[in-house]
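Engineer: take a look and give me a structure for this.
(one chain, ligands or ions: 1)
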Amino acid sequence: MEKQYGVVGGRPWAYWLSNSILEYFRADECRSFVVEKNGEVAAFYSYVIDKARSVGTVGYNGVAKGHQGTGIGSLMMDRVMDGFRSEEMEYATVLVADNEEHVPALRNYEKHGFHRLTGYHELVQKL
Ligand SMILES: CC(C)(COP(=O)(O)OP(=O)(O)OC[C@H]1O[C@@H](n2cnc3c(N)ncnc32)[C@H](O)[C@@H]1OP(=O)(O)O)[C@@H](O)C(=O)NCCC(=O)NCCS
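Structural biologist: Next comes the predicted model:
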């Protein structure tokens with residue numbers, strides 16, 4: 001929306017996103033981790049466990065720009081999949097936007113065994 005309409009709600013997209021990430025981390029069923037490299041934060045990842053359905057869902061994750069393309073994202077996905085198995089999940093899911101910015105993420109998920117289940121359309125209009 002910011003790309004199309006400019007700043008929404010008087011604050012940049014990163015502000016709203018970081019708030020929703022922090023909210024997501026607070027849930028009991030959420031597991032969240034930080035990756036450090038040489039004493040600095042290089043990445044973070046998270047996932048949610050749904051014990052009733054035996055479904056693990058990959059959550060917010062990202063590698064700092066200076067560390068991208070060095071294998072950390074792949075390592076994080078290995079850890080997520082290990083986490084799902086150790087919590088006895090039967091299925092793993094993830095939602096990923098169908099845009100250019102998420103091409104690396106989509107490829108990383110496919111590399112770790114995910115395949116496309118369905119697509120969603122996110123629609124918008126300015127009122
Ligand atoms: C997605 C992301 C976490 C990958 O982390 P990374 O440390 O750069 O990834 P890696 O170096 O471990 O590469 C893992 C795989 O990702 C894919 N990948 C990484 N960079 C890519 C790029 N520029 N283009 C296409 N695929 C890419 C490849 O499949 C790669 O495996 P390969 O090298 O064996 O082909 C990182 O690009 C990122 O933080 N993106 C922005 C935030 C984001 O999209 N988060 C996911 C939200 S759903």
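Engineer: pull up the residues of this protein that are close to the ligand.
Structural biologist: Within the chain, the positions near the ligand by C-beta under 6 Å from any ligand atom are 61-63, 68-74, 96, 102-105, 107-108, 111. Where C-beta positions appear, they are placed from N, C-alpha and C, glycine not excepted.
Engineer: pLDDT below threshold where in the protein?
Structural biologist: Of all residues in the chain, none has pLDDT under 70.
Engineer: where along it do the helices fall?
Structural biologist: Remark: helices assigned in the chain by DSSP state H are 2-5, 13-26, 72-86, 103-111.
Engineer: now the residues of the chain next to the ligand: which count as buried?
Structural biologist: Among those, those classed as buried by 16 or more other C-beta atoms under 10 Å are 61, 63, 72-73, 105, 108.
Engineer: ok and the residue in this structure nearest the ligand?
Structural biologist: Gly73 (2.1 Å; C-beta to the nearest ligand atom).
Engineer: so who does that residue touch?
Structural biologist: Each residue near Gly73 by C-beta atoms under 8 Å, 6 or more residues apart in numbering is listed here: 43, 61, 63, 104-105, 108.
Engineer: center of this protein - which residue?
Structural biologist: In the chain, the C-alpha nearest the mean C-alpha coordinate belongs to Tyr60, at 2.9 Å (C-alpha atoms, centre = their mean).
Engineer: since we're on the nearest residue to that one once chain neighbours are set aside, how many residues are nearby?
Structural biologist: Nearest residue to Tyr60, sequence neighbours excluded (C-beta to C-beta, 6 or more residues apart in numbering): Ile21, at 4.8 Å. Neighbourhood size, Ile21 [other C-beta atoms under 10 Å]: 16.
Engineer: what's the closest of the contacts of Gly73 to His115?
Structural biologist: For the contacts of Gly73, the closest approach to His115 (C-beta to C-beta) belongs to Asn108, at 13.5 Å.
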